[in-house]
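K.L.:
sequence and predicted structure are below.
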Amino acid sequence: MSDSRPEDEAAIEAVMADSYRAWSAGDADGMVADYTEDATAIMPGSLRGSREVIRENMARAFAGPLKDTSTYNKKLGMRFVGRDAAIVVSESGILFGSQTEVPDAAKVNNTWVLEKRDGRWLIAAYHNSPARTPEP
């Protein structure tokens, strides 16, 4: 049975695109504008337990090591969990300076959990892990 929901898929893709654009602009407030207040972000060695903590960390990063960076993003899949939740799996990486490609060793796999609240899709959780090329 297919769960084709083109309007919800488009709305989720717009949320993701807004977050990526905010990253490229170095805009921590814009990057978390579509996060739930109780959102979590998990990255190797890091747990950020609220939208405000995520915003604070990104603001520091955009002022320091992530200044003038952008991201490479490739959606690998999207599926709905009930009526008001979705999981997006993607591959991404940070582009520094004039880079146009992310080296394979620097790519990460991401899981995004989105929740529809009051008719609006929001990011409730994010997790990334280094991508590994499958061994032959």
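P.N.:
That came through, no problem.
K.L.:
tell me the contacts of residue 96?
P.N.:
Residues counted as contacts of residue 96 (CB atoms under 8 Å, 6 or more residues apart in numbering) are residue 69. C-beta: built from backbone N, CA, C; applies to glycine.
K.L.:
can you tell me who it pairs with across the strands?
P.N.:
residue 69 (DSSP bridges).
K.L.:
please identify the buried residues of stretch 102-110?
P.N.:
Neighbour counts over stretch 102-110 (16 or more other CB atoms under 10 Å) mark 102, 106-108, 110 as buried.
K.L.:
of those residues, closest to residue 40?
P.N.:
Nearest to residue 40 among these is residue 110, at 13.3 Å by CB to CB.
K.L.:
element containing the closest one, please.
P.N.:
strand 108-117 (DSSP states H and E).
K.L.:
partners of that strand in the sheet?
P.N.:
Using DSSP bridges, strand 108-117 pairs in its sheet with strand 85-96 (antiparallel), strand 120-130 (antiparallel).
K.L.:
can you redo the ones you listed as JSON lines with distance to residue 64?
P.N.:
As requested, the strands paired with strand 108-117 are exported to JSON lines (distance: least, CB to CB, whole Å):
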{"stretch": "strand 85-96", "distance to residue 64": "13"}
{"stretch": "strand 120-130", "distance to residue 64": "19"}
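K.L.:
looking at these, which is nearest to residue 30?
P.N.:
Using CB to CB, those put strand 120-130 closest to residue 30, at 12.8 Å.
K.L.:
could I get the CA-only coordinates of that closest one as CSV?
P.N.:
The C-alpha trace of strand 120-130 is given here as CSV (Å, rounded to 0.1, in the frame of the first residue of the first chain):
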residue,chain,number,x,y,z
ARG,A,120,3.2,22.8,10.3
TRP,A,121,6.1,20.3,9.8
LEU,A,122,8.9,20.9,12.3
ILE,A,123,12.2,19.1,13.0
ALA,A,124,11.9,17.2,16.2
ALA,A,125,15.2,15.3,16.1
TYR,A,126,18.4,15.1,14.1
HIS,A,127,21.2,12.5,14.2
ASN,A,128,24.3,12.1,12.1
SER,A,129,27.0,9.5,11.9
PRO,A,130,30.0,9.2,9.6
